[in-house]
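Enquirer: Everything below, folded, please.
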Amino acid sequence: MNPKAYMEEAERLRHRIFRKEHEINCIRQSAEGMGGKGGDSPKTVSPEPHKMEIAVEKILSLEEEIEETKMELQHLMHEMRRHTPSNMIFSY
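Expert: Below you'll find the predicted structure:
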């Protein structure tokens, strides 16, 4: 793999991580009202009784995928350093 291909692959992995982190933030924001905590307003009953459980499971799954992608990125960066002359290595 040439240096440009390594960098493109690294950018693709970083973008995947960013998308999954963004998805987690969106799930968390939409789940904030599900807990029914605080205030005098009545608790809104969800049409789906296990909606919070589904949100938590999705977040945990995404976090696991992020960790796997980070490990893949770390491995790629290690390979890039091994196969690229030191004067051509860029760091982010």
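Enquirer: in the longest helix that the chain contains, what's buried?
Expert: Longest helix in the chain by number of residues (criterion: DSSP state H): helix 51-83. By neighbour count on 16 or more other CB atoms under 10 Å, the buried set for helix 51-83 is 55, 59, 62, 66, 69, 73, 76, 77, 80. For glycine as for every other residue, the C-beta is placed from the backbone atoms N, C-alpha and C.
Enquirer: Residue ranges in this structure under the pLDDT threshold?
Expert: By pLDDT under 70, the low-scoring segments of the chain are 34-49, 85-92.
Enquirer: can you rerun that using 90?
Expert: Low-confidence segments of the chain (pLDDT under 90): 1-4, 30-52, 80-92.
Enquirer: one step back: and the longest helix of the chain, how far out from the chain's middle?
Expert: Counting by CA atoms, centre = their mean, to the nearest Å, helix 51-83 is centred 6 Å from the centre of its parent chain.
Enquirer: again with stretch 24-34
Expert: Using CA atoms, centre = their mean, the distance from the centre of stretch 24-34 to the centre of the chain it belongs to is 15 Å.
Enquirer: Give the buried residues for it.
Expert: Neighbour counts over stretch 24-34 (16+ other CB under 10 Å) mark 24, 31 as buried.
Enquirer: From the rest of the structure, what touches it?
Expert: For stretch 24-34, the external contacting residues (CB atoms under 8 Å, 6 or more residues apart in numbering) are 44, 46, 51, 52, 55, 56, 58, 59, 62, 63.
Enquirer: quick one: the fourth one and residue 22, what's the gap?
Expert: Same thing as residue 52. Residue 52 sits 20 Å away from residue 22, going by CB to CB, to the nearest Å.
Enquirer: got it, and the last one?
Expert: In this structure, residue 63 and residue 22 are 13 Å apart, going by CB to CB.
Enquirer: Work out for me the element the closest residue to residue 66 other than its chain neighbours sits within.
Expert: What sits nearest to residue 66 in space, not counting adjacent residues and going by CB to CB, 6 or more residues apart in numbering, is residue 20, at 5.0 Å. Assigned by DSSP states H and E, residue 20 belongs to helix 3-31.
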